[in-house]
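>>> I would like to see how this sequence folds:
(chains A and B)
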Amino acid sequence: MLEMNRIRKSFGKVEVLHGVDLEVRAGEVHALLGENGAGKSTLMKVLCGIISASEGTIRINGEERSFANYDEAIAAGVGIVFQEFSLIPYLSAVENMFLARELTNKFGLLNRKAMRRRAHEILQQLDVDLPLNAPISSLSIAEQQFVEIAKALSLDARILVLDEPTATLTPNEVEHLFKVLRELRRKGVAIIFISHHLEEIFQICDRITVLRDGEYISTCNVSDVDNDRLVEMMVGRRIEQSFPTKPDLPNETELVLEIDEIQLKRTDPVSSFYLRKGEILGFSGLVGSGRTETALAMLGAHPHAKRSMKLNGKEVNFAEPADALVAGIGLLPESRKEQGLITSFSILRNISINNYGKYRKGRYFIDLTKELTCTVEAMEQVGVKAGGPHDRLDTLSGGNQQKVVVARWLNHDMKILIFDEPTRGIDVGAKAEIYLLMRKLTELGCSIIMISSELPEIIGMSDRVCVFRGGGVVATVEGEDITSEKIMTYSTTGKLENAA
Amino acid sequence: MPHDTAMGTSVQGTKKMNVNFRQALRSPLVLPLVGLIVVSVLMGFASENFFSVSKILNVLRQVSINGILAVGMTFVILTGGIDLSVGAVMAFSGTVCAGLIVNMGMPGSVGLAGGLLVGLGLGVFNGILVAWGRMPAIIVTLATMGIARGLGLIYSGGYPISGLPSWIAWFGIGRIGIIPVPVIAMFLIYGLAWVLLERTAFGRHVYSIGGNETAARLSGVKTQRIKLAIYTISGMTSAFAAVILTGRLMSGQPNAGVGFELDAIAAVVMGGTSIAGGRGLIFGTLIGAVLLGILNNGLNLVGINPYLQDVIKGFIILLAIYIGRGERR
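Got it, this is the predicted structure:
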């Protein structure tokens, strides 16, 4: 169906794809695997005509093709669902599916009936039921993804690329997505599936192509490999995702933060929890269970219905994040690009964004020398790999960007740090560094709240875990009780079925 | 430690010269400077003594009002906002100043203070509506433009208020040594703005809001207060410009400054500041204002129809935005 041969691509002097092959058959789900920066996305962009290859050929059904732009690729039957959806939030599913190629009647007016019918047909084929007329923004992430897939199919896509489709889905939604993919496979669509979750690869994929650092490593059947072998191919060496050992916190460890009650909306459950000095408190739960919102509400960055909390035994009330900052609580947001960093600014400017108190001259002025030395110091402390403090943030890898956010708060002598999805989009090696860094912080007396959707991370890192469901904490587990079974049961049912 | 020391030393160990040079080339000042040099050289050919001290001072005097308005505009645009009310605020501020002195017989100092208060008040008004009212700056300041213009006309009855004491003229046409007062005022204001933007935490916060407002707020920047401050600064620079204008015209003109917001915005974007915010330098704006002044001057000199001049200026602004659109990905 699709053959990409010896694809090379250079940006300026840097070659990022060194002759990559990819061969996908009709009616298979083909996994494209590799660490961040392995060249998966670049390869897919070449396929879709978004960028052009420096060398190499693309054949579709044996015919050599080259696409000057995305439209030509679409016309040739290639569809891609990006990690960040390209849907217009205020338009409906139907309007989105037919955006820029609306069906019209003979007067040149929109033929809404025909579009609706067609959209309905396609979604029915996928066995998906969703409100066709509601604005996209009111649909769940999974539903939006189905709209994206349906959009690609309405363009008669024979080759469908899914870039990390499951990253933000709940297990049930993933199941549904897989059902849809199997249906598409049956219909003979060639699917290229990009994911970091290896267990999903084993669930849904037929064959796998592995890339590493822009090199083609190999293509094999899923049935011929196991988890360890895949990881080894991806990273070139065996890495066991290891977590630093947890410290033994005595029971009487002082409480730094006590949330006596917090309620997001009037209809949500009221939660209470506390954070001890030097511990990592995990916030687990499904996406949308209120973990991030609760953390943000604590800082005054998200509305709340009810809130009373004590910091070091004293009643506090933060109206905005700046107040929390003064009190020593820092946030490392979930989406580094949108909420954490100013990617067009230098490392220096990003680290020092809120640290001026530390190197102030007079009351309002900045001591530039001190700012620079402090920044370099902070960069070294967390191990940011970069040319220098003046490098722009968007030239750094995800792991290094995350370290910059950590450095920002370190530089500020924070007492409490909230890590929201600290390792999302970060490759295996850099993950381990972030974990070590978090432990180092707690050894220094910091307390950490870690919000994470990755269970191994929650289990491997947390001293205690608050499990969220439906907008509030349903249970807190610690020690031996931190197991994936218990956490999953709490987060899906809200209670632990007592062994009857 | 999660890293080895080699990484740490590589942070500092870059060749300094090289880096400095590359950075200089990437500075947003490069293009405006090139533009300024090109236009100046062209002017040098068109007019024989363009490079004389008196000519240069004359151009600077002509650009001073727009140059001062553009300072406030730079702050606002750096945060990703815009202030369309500057021209109208300036006119209102000038009429109030003149009215207080001429019609109400107040001492000159009260008149000046009244004018400045008008700028301050309308700036605060804009700031509160944008920051706490969460309304788009372009609409808020468009409304303020109408309000200020209308108030100025009501206050003055639609006629210029003249009969000001002669010392007011010093602000508009006076000189200290050979240098015109407005030029000195402009440079002082630019100097102050530079210190604010480059040497204070406040300045960094202004840039960070333009770069990524959410990130700035979540990392503890008081975004609403900063926004209030920048619109207030813009109101104040409008009022300063009003003082110079009043001195130059020796009257409070309720119809003055129509379309000045456009020139101020032009100076800012021609100076290399990104209209999306977060990127730009205050001295770029100064270069932009001077560039615009030389252009005005030059087009007059060559004898181009003034209506056609507006068309040409419009296209030059488009060109500046086109070039400065940046490496947005």
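>>> so what's the backbone phi/psi at the residue most central in space within chain A?
By C-alpha atoms, centre = their mean, chain A has its centre lying nearest to A:Arg424, at 4.6 Å. The phi/psi pair for A:Arg424 (degrees, to the nearest 10) reads phi -60, psi 130.
>>> cool, A:Cys48 as well?
Taking degrees, to the nearest 10 as the convention, A:Cys48 sits at phi -90, psi 0.
>>> got a list of what it touches?
Going by C-beta atoms under 8 Å, 6 or more residues apart in numbering or on different chains, A:Cys48 touches A:Phe67, A:Tyr70, A:Ala73, A:Val78, A:Ile80, A:Val161. Heads up, the C-betas are built off the backbone N, CA and C, glycines and all.
>>> Filter those down to the buried ones.
For the contacts of A:Cys48, a burial check counting by 16 or more other C-beta atoms under 10 Å in any protein chain shown picks out A:Phe67, A:Ala73, A:Val78, A:Ile80, A:Val161.
>>> The fourth one in helix, strand or coil?
Translated: A:Ile80. Of the three states, A:Ile80 takes strand under DSSP: H, G, I helix; E, B strand; the rest coil.
>>> Ignoring the adjacent residues along the chain, who's closest to it?
With C-beta to C-beta, 6 or more residues apart in numbering or on different chains as the criterion, A:Ile80 has its nearest non-adjacent residue at 4.1 Å, and that residue is A:Val161.
>>> Please verify my assumption that that neighbour contacts A:Ala190.
No: the criterion here is C-beta atoms under 8 Å, and A:Val161 misses it with A:Ala190 at 9.5 Å.
>>> beta partners for the residue nearest to A:Ile80?
A:Ile80, A:Ile192 (DSSP bridges).
>>> Would you verify that A:Val180 is located in a strand?
No: counting by three-state DSSP, A:Val180 is not found in a strand; it is helix.
>>> Report the separation between it and A:Lys187.
A:Val180 sits at a distance of 11 Å from A:Lys187 (criterion: C-beta to C-beta, to the nearest Å).
>>> what about B:Arg225, which helix or strand?
Under the criterion of DSSP states H and E, B:Arg225 resides in helix B:223-249.
>>> next one: A:Gly425
Counting by DSSP H and E, A:Gly425 is found in no helix or strand.
>>> And for the one 4 residues further on?
Secondary-structure element containing A:Gly429, defined by DSSP H and E: helix A:428-443.
>>> and that helix with chain B, contact?
Yes: using C-beta under 8 Å from any C-beta of the partner chain, helix A:428-443 reaches chain B at A:Ala432, A:Glu433, A:Leu436, A:Leu437, A:Lys440.
>>> Pull out the buried members of those.
By 16+ other C-beta under 10 Å, the residues of helix A:428-443 next to chain B give A:Ala432, A:Glu433, A:Leu436, A:Leu437, A:Lys440 as buried.
>>> I'd like the mean pLDDT over the helix holding A:Gly429, please.
For helix A:428-443, mean pLDDT is 85.
>>> for that helix, packing partners?
helix A:227-235, strand A:280-285, helix A:398-410, strand A:447-451, helix A:455-461 (3 or more C-beta pairs under 8 Å, 6 or more residues apart in numbering or on different chains; DSSP states H and E).
>>> Quick one: work out the angle between that helix and helix A:227-235.
Counting by axes from the mean of the first three to the mean of the last three C-alpha atoms, to 10 degrees, helix A:428-443 points 100 degrees away from the direction of helix A:227-235.
>>> Secondary structure element holding B:Leu142?
helix B:137-156.
>>> Spell out, range by range, the helices that occur in the stretch 51-200 of chain B.
Taking DSSP state H, counting those that start in this stretch as the test, the helices found in the stretch 51-200 of chain B are B:53-78, B:86-102, B:108-131, B:137-156, B:169-173, B:181-199.
>>> Need the winner for burial among those.
Counting by mean count of other C-beta atoms under 10 Å in any protein chain shown, helix B:86-102 has the highest mean neighbour count of the helices of the stretch 51-200 of chain B, with a mean of 29.
>>> A:Leu341 touches B:Thr214, doesn't it?
No: applying C-beta under 8 Å, one finds A:Leu341 not in contact with B:Thr214, separated by 10.3 Å.
>>> more crowded one of those two?
Taking A:Leu341 and B:Thr214 together and counting by other C-beta atoms under 10 Å in any protein chain shown, A:Leu341 has the greater number of neighbours (28 against 16).
>>> Count the neighbours of A:Lys40 for me.
24.
>>> doesn't A:Leu211 make contact with it?
Yes: at 6.0 Å, A:Lys40 and A:Leu211 qualify as touching, with contact defined as C-beta under 8 Å.
>>> Let me know whether B:Thr237 touches B:Thr74 as I believe.
No: contact between B:Thr237 and B:Thr74 fails when scored by C-beta under 8 Å: they sit 9.3 Å apart.
>>> Having no further points to raise, I will conclude here.
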